[in-house]
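*Asks:* I would like the atomic coordinates for the input below:
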Amino acid sequence: MQKVAMITGAGSGIGKALSFYFAKHGWTVCAVDIDEDKAQAVGSELRRLSPGSIALVADIRDEDSIGKATRDCLSRYGRLDALVNNAGITDKKHRRITEVPLAVWQTIISTNLTGTFLMLRECAKIMSKQRWGNIINVTSLLAQRGHARVGDAPYGVSKAGVEALTEYAALELGERGINVNSVYPGVMVNTGFFDYLAPEEREKLASPTILNEVVYVLANLAPGELTGASICAKEWRADLRLKILAKKYLPLTDK
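*Replies:* Residues are numbered from 1 along each chain as shown. Okay, here's the model as predicted:
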């Protein structure tokens, strides 16, 4: 039976790249995005790679919307092997703390932190009944101590919250066979976050595929194999523990 992954923010950037990677390697993908047009476009491409895959329109900030999406996934497939919490937004104006409107702060926190929590909570309920599953939260270098940058407080704080959530969830869900880990690129990635840059500048950024391999490894872990870790995609292959897991779980063409 094919494994099933639910990936949020799948309409573009890193989420889209992850969705295609998983589908190409035999997974059924439930691609979630708030933008209906993007979701439909990704869903059409995914079905060519993995016929059982679907795209769902959902707002991760809304409990009812998330509840419907997870129920749809479970009713179709009867299982959920991995959740990739990738969806996120930032303040593209990069305002300083004293200039950030409250509404902007609340929208970023509600999407990046609360939305991640809500998705994690609902998917963990499914995985708890199965007694297995992997949850991977996508964060940022800006969430790590010592890497704060002027103009990115709302985003950095929201992702730091996700790092903390990862640690707490790993502690609480481990006894149910669920691993919870976080990953972050470690470099600037060519996504919509940087669409204000000139094309020649964007070409210098890392590809949205940067997380593909490490997230795939984490999605395949057996219960208790690795949990509560925060992993930099730029450097993950330097970690002997992760090298061993890569040999075990990566498709041969990617090793």
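*Asks:* end to end, how far does stretch 196-206 reach?
*Replies:* 16 Å (CA to CA, to the nearest Å).
*Asks:* Where in this structure is the helix or strand with the lowest mean pLDDT?
*Replies:* In the chain, no helix or strand scores lower on mean pLDDT, DSSP states H and E than helix 199-202, which sits at a mean of 84.
*Asks:* and that helix, how far from the chain's centre?
*Replies:* Centroid separation for helix 199-202 versus its chain: 25 Å, with CA atoms, centre = their mean, to the nearest Å.
*Asks:* what does it rub up against?
*Replies:* With CB atoms under 8 Å, 6 or more residues apart in numbering as the test, helix 199-202 has contacts from Asn190, Phe194, Asp195. C-betas here are computed from N, CA, C, even on glycine.
*Asks:* And the residues you listed, which is closest to Glu213?
*Replies:* The nearest member of these to Glu213, counting by CB to CB, is Asn190 at 17.4 Å.
*Asks:* how many neighbours does the closest one have?
*Replies:* When counting by other CB atoms under 10 Å, one arrives at 20 neighbours for Asn190.
*Asks:* you'd agree it is up against Ala17?
*Replies:* No - taking contacts as CB atoms under 8 Å, Asn190 lies outside contact range of Ala17: 10.4 Å.
*Asks:* any common contacting residues for these two?
*Replies:* Here Asn190 and Ala17 have Ser207, Pro208 as joint contacts, going by CB under 8 Å, 6+ apart.
*Asks:* one step back: could I get the contacts of helix 199-202 in a markdown table, plus columns for pLDDT, secondary structure and distance to Ile178?
*Replies:* Listed next are the contacts of helix 199-202 as a markdown table, based on pLDDT from 0 to 100; DSSP: H, G, I helix; E, B strand; the rest coil; distance: CB to CB, whole Å:
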| residue | pLDDT | secondary structure | distance to Ile178 |
| --- | --- | --- | --- |
| Asn190 | 82 | coil | 32 |
| Phe194 | 80 | helix | 33 |
| Asp195 | 77 | coil | 35 |
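*Asks:* Closest one of these to Pro251?
*Replies:* Closest to Pro251, out of all of the contacts of helix 199-202 and judged by CB to CB, is Asn190, at 24.1 Å.
*Asks:* residues touching Gln144, list them.
*Replies:* Residues near Gln144 by CB under 8 Å, 6+ apart: Ala160, Glu163, Tyr184, Ser230.
*Asks:* Would you mind measuring from it to Ile231?
*Replies:* Distance, Gln144 to Ile231, using CB to CB, to the nearest Å: 11 Å.
*Asks:* Same question for Gly67.
*Replies:* Counting by CB to CB, the gap from Gly67 to Ile231 is 30 Å.
*Asks:* now do Val84
*Replies:* For Val84, the distance to Ile231 (CB to CB) stands at 13 Å.
*Asks:* Phe117 too?
*Replies:* In terms of CB to CB, Phe117 sits 20 Å off from Ile231.
*Asks:* between these two, who's got more neighbours?
*Replies:* Higher neighbour count among Phe117 and Ile231: Ile231, with 23 against 18, using other CB under 10 Å.
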